[in-house]
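Q: Attaching a predicted model along with its sequence, questions to come.
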2 protein chains.
Amino acid sequence: MQLTKESIIAASLEILSEYGLADMTMRRLAAHLNVAPGAMYWHYKNKQALIDATARAVLQPLFDAPTAALEQACMRLREAMFSYRDGAELLSAALANPALRAEMEAVLAASARSDGLPRPDLAAATLLSFVLGSSMMDQAALQQAELQEITVADTGDAIRTLGVDSDNFTDGLRAVIAGMSN
Amino acid sequence: MQLTKESIIAASLEILSEYGLADMTMRRLAAHLNVAPGAMYWHYKNKQALIDATARAVLQPLFDAPTAALEQACMRLREAMFSYRDGAELLSAALANPALRAEMEAVLAASARSDGLPRPDLAAATLLSFVLGSSMMDQAALQQAELQEITVADTGDAIRTLGVDSDNFTDGLRAVIAGMSN
DNA sequence: ACCTGAACACCGTTCAAGT
DNA sequence: ACCTGAACACCGTTCAAGT
């Protein structure tokens, strides 16, 4: 059947989950869709555009159903990134685009406002930075630990302290929000 | 003359400053050093090892002369990243290495302790995440703005609000530290 | 409008062989 | 010990030409 922006994104998310960001190449995507590599460029002008669109798909739950409480919104952002292999790395590549960054900050700022924070825009920018930075480093560490999961026995606890539900993340998040509350 | 780890790092920092991270390739580095591409692999086992070593060089000032005050330590971290083109992106690639991350957090934790914060390790982890995340996004936006500097007139103020001395960064930093002070 | 074929200019990495 | 030559298996992107 015909290639569409949507079918390309679906394939993109599949490759991401199964093989990771390094294997999310234009050529592999094309092969997965039974199409010549050049075909991709009729739908997306380059790889960066594809990365942006894929990142938007990862963030879609947050755009569709915003959360009132800022803390919960940040947790959902982290969970969205952890839903896909290399999700945080993908988002860090996409958030270099100021437009996407602004959209994401707008979502968080709305939550900050409904929480009654005095400087919602500052809170949004600060929290986006924190969640992105910590998720990137934690997901990287988590995946490195998984590579040795077979070799090293019983690292379960060490891994859990770095995963989606890391204590350092939750505590840090609450401290940052406390700092924004004056 | 002979190739050394040091001469390779020096060349790496030069290419980084002049052409950016995308052009910091093993082949370009080799060409710059008048050597065959394969020669690099006698000194560094792969590109990730070279990235780590280059990132360490960028962070060297912070390791050599630690700063007592946590706020100032974070400012210096940001400045170190902004000293090189794509410096923040380079560090985000390197801080995926848990060992380097731990070293950097140890430096910040020492400052947090001398500031008398109740949870210095949490403060270090939280602030590293924040500084990394915001520096990455800000430097990306800054460099995109510079690309259009010739086309668009008088964006000086807009650029300044995103640069090393961004107001959002300083205010966010202070709020985070305030949140960690209980 | 949508895609193929084929090319261009690159990558990281390995490894026998040289000195 | 340190490096070259040459290859292997890839990349992103462009673009004439086909349907």
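A: Great, that's in hand.

Q: Next, count neighbours for the residue in chain A that chain B sits nearest to.
A: Nearest to chain B in chain A, going by CB to the nearest CB, is A:Gly179, at a distance of 2.5 Å. All C-beta atoms are positioned from the backbone trio N, CA, C, and that covers glycine. Other residues within reach of A:Gly179, judged by other CB atoms under 10 Å in any protein chain shown, total 21.

Q: now A:Ser83
A: Neighbour tally, A:Ser83, other CB under 10 Å: 13.

Q: tell me the SS of the closest residue to it other than its chain neighbours?
A: Once flanking residues are discounted, A:Ser83 sits nearest to A:Val58: 7.0 Å by CB to CB, 6 or more residues apart in numbering or on different chains. With DSSP: H, G, I helix; E, B strand; the rest coil as the basis, A:Val58 sits in helix.

Q: which ones are touching A:Val164?
A: A:Arg78, A:Glu79, A:Phe82 (CB atoms under 8 Å, 6 or more residues apart in numbering or on different chains).

Q: Now do the same contact list for the first one.
A: Read that as A:Arg78. Counted by CB under 8 Å, 6+ apart, A:Arg78 has contacts A:Val131, A:Ser134, A:Ser135, A:Val164, A:Phe169.

Q: In helices, which of those residues fall?
A: Counted as lying in helices by DSSP state H, out of the contacts of A:Arg78, are A:Val131, A:Ser134, A:Ser135, A:Phe169.

Q: Can you tell me which of those is nearest A:Gly87?
A: A:Gly87 lies nearest to A:Ser135 out of the ones in helices among the contacts of A:Arg78, by CB to CB, at 7.9 Å.

Q: doesn't A:Phe82 make contact with the closest one?
A: Yes. When contacts are counted by CB atoms under 8 Å, A:Ser135 is listed as touching A:Phe82 (7.1 Å).

Q: of those two, who's got more company?
A: A:Ser135 (28 against 17).

Q: excluding its backbone neighbours, what's nearest the more buried one?
A: A:Ala88 (4.1 Å).

Q: To what extent is that neighbour buried, counted in neighbours?
A: 29.

Q: Equivalent analysis for A:Gly116, please.
A: 9.

Q: Show the contacting residues for it.
A: Here A:Gly116 is in contact with no residue (CB under 8 Å, 6+ apart).

Q: and it, how far is that from A:Leu70?
A: 10 Å (CB to CB, to the nearest Å).

Q: Quick check: next helix or strand after the helix or strand containing A:Leu90?
A: For A:Leu90, the host element (DSSP states H and E) is helix A:87-94. For helix A:87-94, the succeeding helix or strand toward the C-terminus, using DSSP H and E, is helix A:98-114.

Q: So that following helix, near chain B or not?
A: Yes. Helix A:98-114 reaches chain B (CB under 8 Å from any CB of the partner chain) through A:Pro98, A:Arg101.

Q: repeat for stretch A:137-144
A: Yes. Using CB under 8 Å from any CB, stretch A:137-144 reaches chain B at A:Met137, A:Ala140, A:Ala141, A:Gln144.

Q: how near is the residue positioned nearest the centre of chain A to DNA strand C?
A: Nearest residue to the geometric centre of chain A (CA atoms, centre = their mean): A:Met81, 3.2 Å. A:Met81 sits 25 Å away from DNA strand C, going by CB to the nearest atom of the strand, to the nearest Å.

Q: do the same with A:His32
A: A:His32 is 12 Å from DNA strand C, by CB to the nearest atom of the strand.

Q: How about that residue, nearest residue that isn't a chain neighbour?
A: A:Ala11 (5.0 Å).

Q: Now for the one you found: which residues touch it?
A: If you count contacts by CB under 8 Å, 6+ apart, then A:Ala11 has A:Leu29, A:His32, A:Leu33 around it.

Q: for DNA strand C, what are the nearby residues on chain A?
A: Counting by CB under 7 Å from any atom of the strand, chain A comes close to DNA strand C at A:Gln2, A:Leu3, A:Asn34, A:Val35, A:Ala36, A:Pro37, A:Gly38, A:Ala39, A:Trp42, A:His43.

Q: out of those, who's near DNA strand D?
A: Okay, of these touching DNA strand D (CB under 7 Å from any atom of the strand), that's A:Pro37, A:Gly38.

Q: top of the contacts of A:Ala11 by neighbour count?
A: So for the contacts of A:Ala11 (other CB under 10 Å), the most neighbours sit at A:Leu29, 23 neighbours.

Q: Wait, that residue touches A:Ala39, no?
A: No. Counting by CB under 8 Å, A:Leu29 does not reach A:Ala39; the two are 9.7 Å apart.

Q: and stretch A:129-136, how far out from the chain's middle?
A: The chain centroid and the centroid of stretch A:129-136 are separated by 9 Å under CA atoms, centre = their mean, to the nearest Å.

Q: Over to stretch A:75-91?
A: Distance, centroid of stretch A:75-91 to centroid of chain: 3 Å (CA atoms, centre = their mean).

Q: That stretch spans what distance, first to last residue?
A: This stretch, stretch A:75-91, spans 15 Å end to end (CA to CA, to the nearest Å).

Q: on that earlier part again, and the pLDDT for the residue nearest to the centre of chain A?
A: pLDDT for A:Met81: 98.

Q: and what of A:Gly163?
A: 74.

Q: Same question for A:Ala145.
A: 85.

Q: Then A:Met136?
A: 98.

Q: ok, now which ones touch it?
A: A:Met136 touches A:Ala88, A:Glu89, A:Ser92, B:Ser92, B:Leu95, B:Ala96, B:Leu132, B:Gly133, counting by CB under 8 Å, 6+ apart.
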